[in-house]
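1. Below are the sequence and a predicted model for it; my questions follow.
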Amino acid sequence: MPIYLKAVDVVPEVVKFKSALIVVCRFCPAASLAVRNNKPYLEIFRRLLKTEPYEELIKDIQTRLEKEGLKTGVFKGNLINYLICLWTSGGRKKFIKHASQFEAVVVMGCESAYESVKELLKLTECQVFLGMESEGVLNAIPKIHLPFNLSLERFNVTPMIYQRKQSEEKTSL
């Protein structure tokens with residue numbers, strides 16, 4: 001099941017840069033926001049592989065950054081590179097080339113996606129920011145509604161801890 005994520009307001013941290021790329025993972029964030037907002041995860045005939053609350057969040061972040069004067073972009077990958085944690089080597093190369101044109105990169109995905117992007121960009125000047133935080137693993141009940149909409153009903157969220165955060169908090173004490 002997907003990681004249950006919540007959005008983090010990274011705009012105040014990112015506005016000190018001149019440009020920002022928003023990197024989109026298409027599964028966990030979209031499923032999480034669909035459940036949180038009680039909206040369909042997939043509306044095959046209306047939005048195909050896009051989830052309305054997630055698209056609104058991405059657009060909101062991009063608009064807020066642009067209002068602060070930043071050049072922005074959104075890296076969405078493609079059908080093969082749908083999940084950041086499963087990018088192909090070709091998808092990774094394409095991303096590195098694209099991201100190197102920006103000073104900041106906002107990862108809209110789980111901590112694993114964030115760590116993957118940080119590792120990919122370690123030889124660049126890009127600063128990487130986590131745009132979402134994990135609350136746990138989502139157990140959901142899929143529901144199909146006509147005309148071919150897929151919704152997810154929250155059944156349970158099993159809490160989890162991002163180990164790096166936990167070790168950083170212990171170090172700072």
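-> Sure thing, it's come through. Residues are numbered from 1 along each chain as shown.

2. Isn't Val11 up against Lys67?
-> No. Val11 is not in contact with Lys67 according to CB atoms under 8 Å; the separation is 9.4 Å. Bear in mind the C-beta positions are built from the backbone N, C-alpha and C, glycine included.

3. In terms of neighbours, single out the busier of those two.
-> Regarding Val11 and Lys67, a neighbour count based on other CB atoms under 10 Å identifies Val11 as having more, with 19 against 10.

4. So which residues of this structure form helices?
-> With DSSP state H as the definition, the chain shows helices at residue ranges 11-14, 28-36, 52-67, 89-99, 111-120, 163-172.

5. so which of those helices gets nearest Glu43?
-> helix 52-67 (7.5 Å; CB to CB).

6. Give the buried residues for the biggest strand by length in the chain.
-> With secondary structure taken from DSSP state E, the chain has its longest strand at strand 132-145. By neighbour count on 16 or more other CB atoms under 10 Å, the buried set for strand 132-145 is Met132, Glu133, Ser134, Leu138, Ala140.

7. And the pLDDT at the most centrally placed residue in the chain?
-> In the chain, the C-alpha nearest the mean C-alpha coordinate belongs to Met108, at 1.8 Å (CA atoms, centre = their mean). In this prediction, Met108 carries a pLDDT score of 95.

8. State the distance from the closest residue to it other than its chain neighbours to Met160.
-> Computed as CB to CB, 6 or more residues apart in numbering, the closest residue to Met108 that is not its neighbour in sequence is Gly131, at 4.6 Å. Gly131 sits 18 Å away from Met160 when distances are taken as CB to CB, to the nearest Å.

9. Give me the more crowded residue out of these two.
-> Relative neighbour count places Gly131 above the other of Gly131 and Met160, with 26 against 14, counting by other CB under 10 Å.

10. check contacts around that one.
-> In this structure, Gly131 makes contact with Ala7, Val8, Val10, Ile22, Ile61, Val106, Val107, Met108, Gly109, judged by CB atoms under 8 Å, 6 or more residues apart in numbering.
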